[in-house]
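[1] okay, predicted coordinates and the sequence, questions at the end:
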Amino acid sequence: MGVETKKMANSILAAGDGFGDRIKSWPERVKTFYNDVRTEMKKVTAPSFKEVRATTIVVIITVFLFGVYFWAVDNTIGSGINYLFKYLTRR
């Protein structure tokens, strides 16, 4: 467990089970949460243009391939159902 998680768990445990205890500990829990968010946001880095371009190309290719796959599956199942209906209505 990380230090931030331990702090949050301790503040929740210190809050107690009663509604009044939870209300009294609310400012401390909010402060702990805000500090945890600030700590995590310091670890965030923005991707470079090269990384964004590469992942965008991967997404576009993947969407295209899935589109072609689902189009083929849809046409195959649709043709099979149409054949089944024609076969069953011949009688």
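    Thanks, I have it. Residues are numbered from 1 along each chain as shown.
[2] for the helix or strand hosting V30, name the packing helices and strands.
    Following DSSP states H and E, one finds V30 within helix 19-42. Where contact means 3 or more CB pairs under 8 Å, 6 or more residues apart in numbering; DSSP states H and E, helix 19-42 is packed against helix 3-15. All C-beta spots, glycine's among them, are computed from the backbone N, C-alpha and C.
[3] after the helix holding V30 comes which helix or strand?
    That would be, after helix 19-42 and using DSSP H and E, helix 49-88.
[4] K43: neighbouring residues, count only.
    Neighbourhood size, K43 [other CB atoms under 10 Å]: 6.
[5] for the residue nearest the centre of the chain, give its distance to R53.
    By CA atoms, centre = their mean, the mean C-alpha position of the chain lies nearest to V59, the distance being 16.1 Å. Counting by CB to CB, to the nearest Å, the gap from V59 to R53 is 11 Å.
[6] overlap of the contact sets of the two?
    In terms of CB atoms under 8 Å, 6 or more residues apart in numbering, V59 and R53 are not both contacted by any residue.
[7] mean confidence for the helix holding V30?
    For helix 19-42, mean pLDDT is 88.
[8] what does stretch 67-86 give?
    97.
[9] ok now that stretch, how far from the chain's centre?
    Its chain's C-alpha centre and that of stretch 67-86 lie 31 Å apart, by CA atoms, centre = their mean, to the nearest Å.
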